[in-house]
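Peer 1: Any chance you could fold what I've pasted below:
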Amino acid sequence: MKIGLIGLQNSGKTTIFNTLTGLDLEVTSYASQKAEPNLGIVEVLDERVSKLSAMYKPKKTIFAHIEYIDFAGFTADKNSNSTIPANILAFAKTTDALALVVQNFAGEMKEQPSIIEDIELIESELIMTDLIIAEKRLGKIELSKKRGIKDASLMIEESAIKKVIEQLNQEKPLRDLELTPEEEKAIRGFQFLSQKPMMIIINSSEENYKKNEKQISEISKSYQVNEFAGNFEMELCKLSAEEAAEFMLDMGIEESARNRLTKLSYELLGYISFFTVGEDEVRAWTLEKGQNAVEAAGKIHSDLARGFIRAECFSYDDLIEVGSEKVLREKGLYRLEGKNYIVKDGDIINIRFSV
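Peer 2: Reported below is the predicted structural model:
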């Protein structure tokens, strides 16, 4: 799972990145426009993996992970036609979702934070960037038609691109646009930014933290939102667990920034976790909600999906309740499932296959 942190200059993206990853990258008042973003990989701390590891005592324990990408901040102006710089666009297209970091603290560039206005400004930038790409593609499609190329796939793509342009011209993001499965497939390769799921991270000063209920309520109608006390929570990463817990209690912070954003990321993308267990390895795998046993097998290895026979399944909750696989079998809680079985969060799976 790749989450891209985007936002205006000086919104505190790198502060949030440091908080999530535990890294200590330099935080400056004026973000540099370097080509390469900051990258950090974070384990998804799932207590179920820890309990399974304690039970099976494997040689390796592997948690799921999230890759966070901290892009350089960019400028935006309501009165200009500027778009997201090419160096940011190229990396942002590879992400599964975007996390828009919005400033909610007084700073050198902005004395009075304007959360909703900044969200609208960035959303407009995403829309403008996508519109330029879509209009260029429509021009090429029309040129191909003039040359006599009018196959079915091109016609489907033309229909999709025209719907995309109409949506963007109404200043609406593509994540709200309904397309047919064929149209969706036709434009998938463009990786339009306003089509990506997007969450909002409000980066607040200690003084402003938890004093934005009205604005957050309004933003929550359109986006998933979480509020961080960015600088404060970044400093917590440098403390012991006991000290950090004490300061979090004082601020009314119930969970670490990492755990809060992990949950939000899974909810935003509609992901669940399933597990594989054994003496060699206990491992968590990430899967989209609604995917089947063959797709889960493919996450583990392509050969397992290609030669899929059956999936041996049982529930993590059932295993913890009865204490062993042996008792699971005795109680009839150990199942054989076919290709079309929809994997549930917490399933423990072993794939039978032949290639």
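
Peer 1: ok, and residue 317, which helix or strand is that part of?
Peer 2: Under the criterion DSSP states H and E, the helix or strand holding residue 317 is helix 316-322.

Peer 1: Any buried residues in that helix, and which?
Peer 2: 316, 319, 322 (16 or more other C-beta atoms under 10 Å). (Each C-beta comes from the backbone N, C-alpha and C, glycine too.)

Peer 1: Please name the nearest non-neighbouring residue to the first one.
Peer 2: Take residue 316 and drop its neighbours on the chain: the residue closest to it by C-beta to C-beta, 6 or more residues apart in numbering is residue 346, 4.1 Å away.

Peer 1: residues near the one you found, how many?
Peer 2: 18 (other C-beta atoms under 10 Å).

Peer 1: Contact partners for it?
Peer 2: Residues counted as contacts of residue 346 (C-beta atoms under 8 Å, 6 or more residues apart in numbering) are 48, 272, 273, 274, 275, 315, 316, 317.

Peer 1: Buried only: go through those residues for me.
Peer 2: 48, 272, 273, 274, 275, 315, 316.

Peer 1: how near is the last one to residue 48?
Peer 2: Shown here: residue 316 relative to residue 48, a distance of 5 Å by C-beta to C-beta, to the nearest Å.

Peer 1: which SSE is the residue nearest to residue 172 when sequence neighbours are not counted in?
Peer 2: Spatially, and ignoring its direct neighbours in sequence, residue 172 is nearest to residue 127 (7.5 Å; C-beta to C-beta, 6+ apart). According to DSSP H and E, residue 127 maps onto helix 115-146.

Peer 1: Kindly report the same for residue 165.
Peer 2: Element membership for residue 165, per DSSP H and E: helix 152-169.

Peer 1: ditto for residue 282
Peer 2: Judged by DSSP H and E, residue 282 forms part of strand 281-288.

Peer 1: Quick one: the helices in the stretch 251-355 of the chain, in order.
Peer 2: 257-269, 293-300, 302-306, 316-322, 325-330 (DSSP state H, counting those that start in this stretch).

Peer 1: quick one, which of these is nearest to residue 340?
Peer 2: helix 293-300 (7.5 Å; C-beta to C-beta).

Peer 1: any idea of the mean pLDDT in stretch 123-131?
Peer 2: Stretch 123-131 carries an average pLDDT of 92.

Peer 1: Extract the residue ranges of this structure that are flagged as low pLDDT.
Peer 2: 26-35, 76-83, 107-113 (pLDDT under 70).

Peer 1: switch to 50 and redo it
Peer 2: 29-32 (pLDDT under 50).

Peer 1: show me where it has strands.
Peer 2: Taking DSSP state E as the test, the strands found in the chain are 2-6, 38-43, 60-62, 65-70, 97-104, 198-204, 224-228, 271-276, 281-288, 308-315, 335-337, 347-353.

Peer 1: now those in TSV, with distance to residue 133?
Peer 2: As requested, the strands of the chain are exported to TSV (distance: least, C-beta to C-beta, whole Å):
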stretch	distance to residue 133
strand 2-6	17
strand 38-43	25
strand 60-62	37
strand 65-70	20
strand 97-104	16
strand 198-204	17
strand 224-228	26
strand 271-276	27
strand 281-288	26
strand 308-315	38
strand 335-337	42
strand 347-353	39
